[in-house]
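S.K.: let me see the structure of the following:
(one chain, ligands or ions: 3)
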Amino acid sequence: MINQIYRLVSTKQIEITYKEQSLEGDYIVVRPTHLSICAADQRYYTGTRGKEAMAKKLPMALIHEGVGKVVYDPKGDFKTGSHVVMIPNTPTQVDDVIAENYLKTSKFRSSGYDGFMQDYVFLERDRVVGLSEDINLQVAAFSELISVSMHAVVRFEERAHQRRDVLGVWGDGNLGFITALILKKRYPESKVYVFGKNHSKLSYFSFADETYQIDEVPEDVTVDHAFECVGGIGSQYAVEQIINHIQPEGSIPLLGVSEYPVEINTRMILERGITLIGSSRSGRSDFVETVNFLHENPEVVEYLETLIGDVNEIRSIDDIHNAFERDLTTNWGKSVMEWKI
Ligand SMILES: NC(=O)C1=CN([C@@H]2O[C@H](COP(=O)(O)OP(=O)(O)OC[C@H]3O[C@@H](n4cnc5c(N)ncnc54)[C@H](OP(=O)(O)O)[C@@H]3O)[C@@H](O)[C@H]2O)C=CC1
Ligand SMILES: O=C(CO)[C@H](O)[C@H](O)COP(=O)(O)O
Ligand SMILES: [Zn+2]
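M.R.: Ligands and ions are numbered 1, 2, ... in the order given. Predicted coordinates for the structure are as follows:
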């Protein structure tokens, strides 16, 4: 069959590529229904990812957060029409120690490989996870982002010391919201403090024990561990502030992506015995954990509904541009694209 792929070819330029794809083999074919825009996609769309990366990774279809309907499963494991979440990380080898999302040989969609902006996505059998019929698909659209937080929390659980009385989250955006929510649910006995820049955004974090504007944090506030969910140059200020408020031997999972070299006060890191835990992307086990978590906790899905920002019907390439442009001006939440092209 001929598949249409909507590829970014240069800054803010999207073109259709026609690709012959065979239905023979074990691929599950999924028709995307709900896609969600990530900050990483915006860095490619606007060209802020940098000249070198743009030249290396383009052309490619953007978007690595999304769900769709199964249109063809040669083995019949998935019912035609059933909804699945698509996993963007595509490993090419198995390693006993290193997780699939850290293997250098893995391919990640919308980072050098075609993402989900296609008429049909051909996925290996283990790159889809089934969803229940009643799941909110606008929330499920950003399951990948939830799985990133889930992955970071699981890594934290395996690496950080056991005193978890107060957990801090820096960042009052999407990732901060999801991470704080997962922490609150997994550690009901712990206090979760959120540190952000905007009073209006912090007001959404009603489940948190405390929220602080970063320029008004009392000196005596301390956390046992702190998740950095800021990104950009803001990560630098966030890590600096974390170091001032974290207890000795605390862990700092770092999730924010920056295009700039971020300076870190290593003197204080070693003086306080702090552990930095880099955390990037996610793998199948994180998606399975995420989907189970959403199915088992409908109240979490309700909180996540507050993250649904702009919802756009996509019927043309112009609609894609509009969705990306509107996302740039949206102050809160995730932009979802209902894929009807
Ligand atoms: N590790 C991974 O695999 C993944 C990483 N990311 C990255 O995570 C980062 C955050 O993504 P996302 O949540 O979607 O982006 P958002 O822009 O929604 O969130 C970042 C938030 O942090 C706020 N902020 C800025 N400076 C500080 C500070 N010093 N302290 C506390 N908060 C601050 C921002 O406020 P304001 O807007 O007012 O500046 C904004 O509200 C991005 O870099 C993204 O690329 C995303 C997905 C996966
Ligand atoms: O969003 C992400 C995962 O969900 C990561 O930020 C993204 O994978 C970074 O990739 P790139 O190097 O292409 O910016
Ligand atoms: Zn992403």
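S.K.: now do the domain split for the chain, please.
M.R.: Following automatic domain parsing, one finds the domains of the chain at 2-142+307-339, 147-278.
S.K.: quick one: closest of these to ligand 2.
M.R.: Ranking these by proximity to ligand 2 (C-beta to the nearest ligand atom) places domain 2-142+307-339 first, at 3.1 Å. Glycine gets a C-beta too; all of them are placed from N, C-alpha and C.
S.K.: who in the protein is up against ligand 1?
M.R.: Contacts of the chain with ligand 1, taken as C-beta under 6 Å from any ligand atom, map to 38-40, 145, 148, 170-176, 195-198, 201, 214, 229-232, 234, 237-238, 255-257, 279-281.
S.K.: what subset of these is buried?
M.R.: 38-40, 145, 148, 170-176, 195-197, 201, 214, 229-232, 234, 238, 255-257, 279, 281 (16 or more other C-beta atoms under 10 Å).
S.K.: now the closest residue to ligand 3 within the chain: closest residue in space that isn't a chain neighbour?
M.R.: The nearest approach of the chain to ligand 3 comes at Cys38, 3.2 Å away (C-beta to the ion). Among residues not flanking Cys38 along the chain, Glu65 sits closest, at 5.6 Å (C-beta to C-beta, 6 or more residues apart in numbering).
S.K.: so what would you say the end-to-end distance of stretch 117-129 is?
M.R.: End-to-end distance for stretch 117-129, by C-alpha to C-alpha, to the nearest Å: 19 Å.
S.K.: show me what counts as buried in that stretch.
M.R.: Buried residues in stretch 117-129, counted by 16+ other C-beta under 10 Å: 117-123, 127-129.
S.K.: residue contacts, the residue of the stretch 51-200 of the chain found nearest ligand 1?
M.R.: Here the residue of the stretch 51-200 of the chain nearest ligand 1 is Gly173; by C-beta to the nearest ligand atom that distance is 1.9 Å. Gly173 sits next to 196, 201, 229-230 when contact means C-beta atoms under 8 Å, 6 or more residues apart in numbering.
S.K.: give me phi/psi at it?
M.R.: phi -110, psi -150 (degrees, to the nearest 10).
S.K.: need the pLDDT of it.
M.R.: Note on Gly173: pLDDT of 98.
S.K.: and the pLDDT for Leu137?
M.R.: At Leu137, the model reports a pLDDT of 98.
S.K.: residue numbers of the stretch 51-200 of the chain in contact with ligand 2?
M.R.: 64, 108, 111, 144, 148.
S.K.: now the domains of the chain in TSV, please, with extra columns for distance to Pro298.
M.R.: Listed next are the domains of the chain as TSV, based on distance: least, C-beta to C-beta, whole Å:
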stretch	distance to Pro298
domain 2-142+307-339	9
domain 147-278	12
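S.K.: tell me the centre residue of this structure?
M.R.: Leu145 (2.3 Å; C-alpha atoms, centre = their mean).
S.K.: surely that residue is within a helix?
M.R.: Yes. The assignment for Leu145 is a helix, going by DSSP: H, G, I helix; E, B strand; the rest coil.
S.K.: alright, I will stop here.
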